[in-house]
Structure formats: structure tokens, C-alpha cells
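**Student:** coords below, sequence missing:
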């Protein structure tokens with residue numbers, strides 16, 4: 001019995017020693033990394049950094065955090081990064097209910113009922129990302145006294161693609177999205193579309209020029225290919241459902257083919273003209289061709305071509321996709 005008690009005491013002492021060494025090492029490493037972000041064009045400041053959670057957790061809290069970059073800053077009363085001490089490659093991040101975000105587009109107050117994410121890294125020195133997830137509930141973004149957008153739920157997830165080190169499967173979904181009154185008026189000038197966008201969803205595989213690991217922080221990644229399994233919009237009486245394969249060329253210009261499913265295509269075409277996305281002459285030309293393809297129905301399944309960012313259906317130009325750049 002004494003020997004057993006002695007072994008238990010020894011194991012507890014060794015584990016306690018491991019936790020304190022790991023906690024101090026984590027704290028020192030984080031301070032060094034955060035203090036060195038200035039060389040990357042970003043500056044991180046905080047009032048206090050503490051690691052707690054003895055004996056089985058390594059929970060890091062930063063108080064009054066400010067992240068600044070070129071034309072950007074994000075401020076929050078705290079940020080929590082949590083991990084099990086025996087599984088430090090799996091981290092959970094918790095954001096506060098209220099945050100402030102300032103970009104070149106404006107100054108926003110962000111509120112949510114819950115905002116958290118997690119990431120699992122492969123146990124290696126490069127810490128390659130294996131999979132991650134991000135969830136927001138009851139999101140509101142305000143600018144001044146007006147809501148810019150609200151959403152019931154938003155989810156985002158990634159997972160390393162099978163047999164690949166440089167590609168990730170991604171999924172994103174937003175439900176119960178309400179855009180600002182100004183944006184709604186621009187998208188639906190006649191006011192016939194409801195304020196609530198029921199669902200936005202994207203499932204795709206992104207290929208990068210190198211693995212998504214800790215070295216990716218030193219230089220921006222480049223997306224080389226996009227395998228779009230589904231991009232879905234459900235909004236009132238209209239719907240869009242796209243899929244296809246795209247490559248990313250010089251300057252982020254996209255090339256490839258897309259399939260676009262359209263629900264209530266006449267309404268979508270009318271909205272495109274009203275919002276200024278299509279000129280009336282192009283829309284009239286499209287309507288004649290689409291009428292034949294739809295055979296009098298309300299739904300369409302269209303093949304589209306993308307060349308250096310320009311989207312067309314056969315000889316008819318439809319618009320231009322913006323360059324895809326991560327820097």
C-alpha cells in the first residue's frame with residue numbers, strides 16, 4: 001500500500017511539474033510571437049496574458065486585445081484559447097459577446113450570443129492544420145445606429161482533403177440572414193424580395209500552393225484550384241445552385257466551367273436588371289435564349305464558361321468575377 005501511495009504521489013508530482021513547465025513555455029512562446037507580429041504588418045497589443053487550468057488544461061486568456069493592420073483593427077475585452085494539457089494540438093477559441101471591428105468599409109459593433117471555433121493540428125513541428133470549425137449564433141453587426149446585417153446561425157468548417165497536404169475541404173452555411181436596408185434596396189429595388197435570406201451555403205475543395213501550416217503565416221497563401229461542389233442561395237421565391245471546377249491564374253483571375261441552376265429565372269433576370277448587374281439589352285437577349293432552354297418552365301440548368309474572370313453563356317457575356325487573392 002505504501003508503495004502504491006508513493007507511486008501515486010510521484011505521478012502527481014511529475015504531472016504537476018509537466019503542467020507548470022508546459023504553461024510557462026506556452027506563455028513565453030505566445031508573448032514572443034505576439035510581440036514579433038509587428039514585422040508582418042500586424043500589431044497585437046493586450047493588457048494581460050495568463051495561462052491557467054491546472055492540472056489538465058492549458059487555458060490562455062488575453063485581456064483587452066487589440067489587433068491592428070493596414071486600414072484594419074479589431075478590439076475585444078478578452079480572447080480565450082483553450083486546450084487539454086495532454087492534447088495541446090487541439091485548441092478551442094472563444095470570443096466575447098461584444099467586439100469592435102474597423103475596416104476600410106466602416107466601423108462596426110459586433111454582437112453575438114455565442115462565437116467560438118476549434119482547430120486540430122497534426123502533431124509535427126510544422127503544425128499543419130488537419131481540421132477546424134467555427135460557429136456563431138445570433139450575430140448582429142451594427143454601424144452607428146443601424147444594423148448592417150443579422151444572422152441566426154453561421155457555421156464554417158475545414159478538413160484536410162484525403163491523400164493531400166495542400167488542399168482542404170471547406171463548408172460554410174448561414175441561415176436567417178437579414179442584410180441592411182440599403183443593401184436590400186439595391187438588390188431588390190421593387191421591394192418584392194423578403195428581408196430574410198433563408199440560407200447561404202458553400203461546399204468546395206480549395207487547393208493551395210503549399211500546405212496550410214504555421215509557415216503560411218510568414219507569407220500569404222495562394223489558391224490554385226477551386227472544386228465547387230455547391231454554392232446555394234435560397235431567398236424568397238428565387239434560388240441559385242452552382243457547381244464547377246475553376247483554376248486560379250495570374251493575378252487571381254479565374255478560368256473554368258460552372259453549372260448554374262436557377263429557380264424562378266424570370267424573377268432573377270428582372271432583379272439583375274433592376275440592381276444594375278445586367279443592362280436591359282443583354283437581359284433581353286438572354287431572355288430569348290433562356291425561354292427556349294426552360295421550355296416554358298420556371299427553372300433552368302445552365303452551363304457557364306469562365307475565362308480570365310469573364311463569365312459567359314455561350315456567346316453572351318454575363319459579367320466579371322473579381323480576382324481571387326488572399327494577400
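**Tutor:** Ah, there it is. The shown structure was predicted, so the numbers you read here are calculated from the model rather than taken from an experiment.
**Student:** Wait, residue 268 touches residue 238, no?
**Tutor:** Yes - contact criterion C-beta atoms under 8 Å: residue 268 and residue 238 qualify, at 5.3 Å. The C-beta positions use only the backbone N, C-alpha and C, and glycine is treated the same way.
**Student:** so what's in contact with the two at the same time?
**Tutor:** Common contacts of residue 268 and residue 238 (C-beta atoms under 8 Å, 6 or more residues apart in numbering): residue 262.
**Student:** List phi and psi for the residue nearest to residue 133 when sequence neighbours are not counted.
**Tutor:** Distances taken as C-beta to C-beta, 6 or more residues apart in numbering put residue 157 closest to residue 133, at 4.5 Å, once the chain neighbours are dropped. Main-chain torsions, residue 157, degrees, to the nearest 10: phi -150, psi 150.
**Student:** Can you show me the helices along the stretch 51-200 of the chain?
**Tutor:** Secondary structure of the stretch 51-200 of the chain (DSSP state H, counting those that start in this stretch): helices located at 181-187.
**Student:** Contact partners for residue 112?
**Tutor:** Each residue near residue 112 by C-beta under 8 Å, 6+ apart is listed here: 95, 97, 136-140.
**Student:** show me where pLDDT drops low in the stretch 51-200 of the chain?
**Tutor:** Nowhere does the stretch 51-200 of the chain drop to pLDDT under 70.
**Student:** where exactly do the strands run in it?
**Tutor:** Ranges of strands in the stretch 51-200 of the chain, per DSSP state E, counting those that start in this stretch, are 57-69, 72-84, 87-94, 98-103, 106-111, 114-121, 129-143, 146-160, 167-179, 197-208.
**Student:** just the angle between the fifth one and strand 146-160, please?
**Tutor:** Relative orientation of strand 106-111 versus strand 146-160 (axes from the mean of the first three to the mean of the last three C-alpha atoms, to 10 degrees): 70 degrees.
**Student:** Mind listing what's buried along strand 106-111?
**Tutor:** For strand 106-111, burial by neighbour count (16 or more other C-beta atoms under 10 Å) applies to 108, 110-111.
**Student:** cool, and the second one?
**Tutor:** For strand 72-84, burial by neighbour count (16+ other C-beta under 10 Å) applies to 74, 76, 79, 81-83.
**Student:** Tabulate those residues (CSV), appending distance to residue 292.
**Tutor:** Formatted as CSV, the buried residues of strand 72-84 follow (distance: C-beta to C-beta, whole Å):
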residue, distance to residue 292
74, 51
76, 55
79, 56
81, 57
82, 59
83, 59
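**Student:** And the residues you listed, which is closest to residue 122?
**Tutor:** Nearest to residue 122, judged by C-beta to C-beta, of those is residue 83 at 14.9 Å.
**Student:** so how far is residue 134 from the closest one?
**Tutor:** In this view, residue 83 and residue 134 are 17 Å apart by C-beta to C-beta, to the nearest Å.
**Student:** Same check on residue 208?
**Tutor:** Per C-beta to C-beta, residue 208 is found 19 Å from residue 134.
**Student:** beta partners of the residue nearest the centre of the chain?
**Tutor:** For the chain, residue 156 is the residue whose C-alpha lies nearest the centre (C-alpha atoms, centre = their mean; 6.0 Å). Taking DSSP bridges as the rule, residue 156 bridges to residue 134, residue 172.
**Student:** Help me confirm that it comes into contact with residue 169.
**Tutor:** No - under the criterion of C-beta under 8 Å, residue 156 is not in contact with residue 169, lying 11.9 Å apart.
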